[in-house]
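Attaching a predicted model along with its sequence, questions to come.
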Amino acid sequence: MFSYEVKMAAIKQWLGGVSISSIMSQYGIRGSATLYEWVRLFNSSGAKALQGSLKSSRTYHPYSFKIEVIKWRLTHHASLTATAKHFNLRAPKLVWEWEKALKEGRLKPSKGRPPKLTKTNNHEDDELQKLKDENEILKLRNAYLEKLHALAQKKRKSQTKKKPK
């Protein structure tokens, strides 16, 4: 709806100290949330994040990518924001939603189009792949729960140290 140039001009004015109401009236922005979102995108991902429309920003992320993101976050003990920046995701909430879905058992590979069976052995291969995928999901879920448990124990330990005897 708004061009890249308008977004950049509005952000520059806001960063320069111009009031949000005058910027909104100058460019015909209906809500302050729009300008704040532009500023957030600009600060997190730079000017390139302001190019393109909202519809083009809705990207499909395959199952393997989601698993890779979660593994990286657990391995590097990174925050949601740092993980989103590392993988050029628009919002840290995506990572949180994927982790939550994994924990609840809802993160699964998409079924896609069923393959044409050329051999009778394909059924066994499919079953083996299913088991491997399930095993990987369970390993990730286990690692996530272990991390959660360790953090809970650490919190409990710090609370017991603070209590006077």
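Happy to help now that I have it.

Helices of the protein, start to end?
Counting by DSSP state H, the chain has helices at residues 4-15, 20-27, 32-45, 54-57, 63-76, 80-86, 92-104, 122-162.

Centre of the chain to the longest one, how far?
When C-alpha coordinates are averaged (C-alpha atoms, centre = their mean, to the nearest Å), helix 122-162 and its chain have centres 19 Å apart.

What is the neighbour count of the nearest residue to Tyr63 once chain neighbours are set aside?
Spatially, and ignoring its direct neighbours in sequence, Tyr63 is nearest to Pro109 (4.1 Å; C-beta to C-beta, 6 or more residues apart in numbering). Yep, even glycine has a C-beta here, placed from its N, CA and C like the rest. As a burial measure, Pro109 scores 15 neighbours (other C-beta atoms under 10 Å).

again, but for Ala84
Residues within reach of Ala84, counting by other C-beta under 10 Å, total 22.

tell me the pLDDT at the closest residue to it other than its chain neighbours?
Of all residues not flanking Ala84 in the chain, Pro92 sits nearest, at 4.2 Å (C-beta to C-beta, 6+ apart). Pro92 carries a pLDDT score of 86 in this model.

go on, the one 10 residues further on?
We note a pLDDT of 89 for Leu102 in this prediction.

what sits against it?
Contacts for Leu102 (C-beta atoms under 8 Å, 6 or more residues apart in numbering) come out as 66, 70, 137, 140-141, 144.

how about a cut-off of 6 Å?
Leu140 (C-beta atoms under 6 Å, 6 or more residues apart in numbering).

wait, which of the helices of the chain is closest to Arg113?
helix 122-162 (13.6 Å; C-beta to C-beta).

how close does Arg73 get to Arg156?
24 Å (C-beta to C-beta, to the nearest Å).

of these two, who's got more company?
Higher neighbour count among Arg73 and Arg156: Arg73, with 23 against 10, using other C-beta under 10 Å.

What is the burial count for the closest residue to that one other than its chain neighbours?
Nearest residue to Arg73, sequence neighbours excluded (C-beta to C-beta, 6+ apart): Thr83, at 4.4 Å. When neighbours are defined as other C-beta under 10 Å, Thr83 has 22 of them.

Verify the stated contact: Thr83 with Val95.
Yes - Thr83 lies in contact with Val95 (C-beta atoms under 6 Å); the separation is 5.0 Å.

Would you agree Tyr27 is in contact with Ala10?
Yes - under the criterion of C-beta under 6 Å, Tyr27 makes contact with Ala10 at 5.5 Å.
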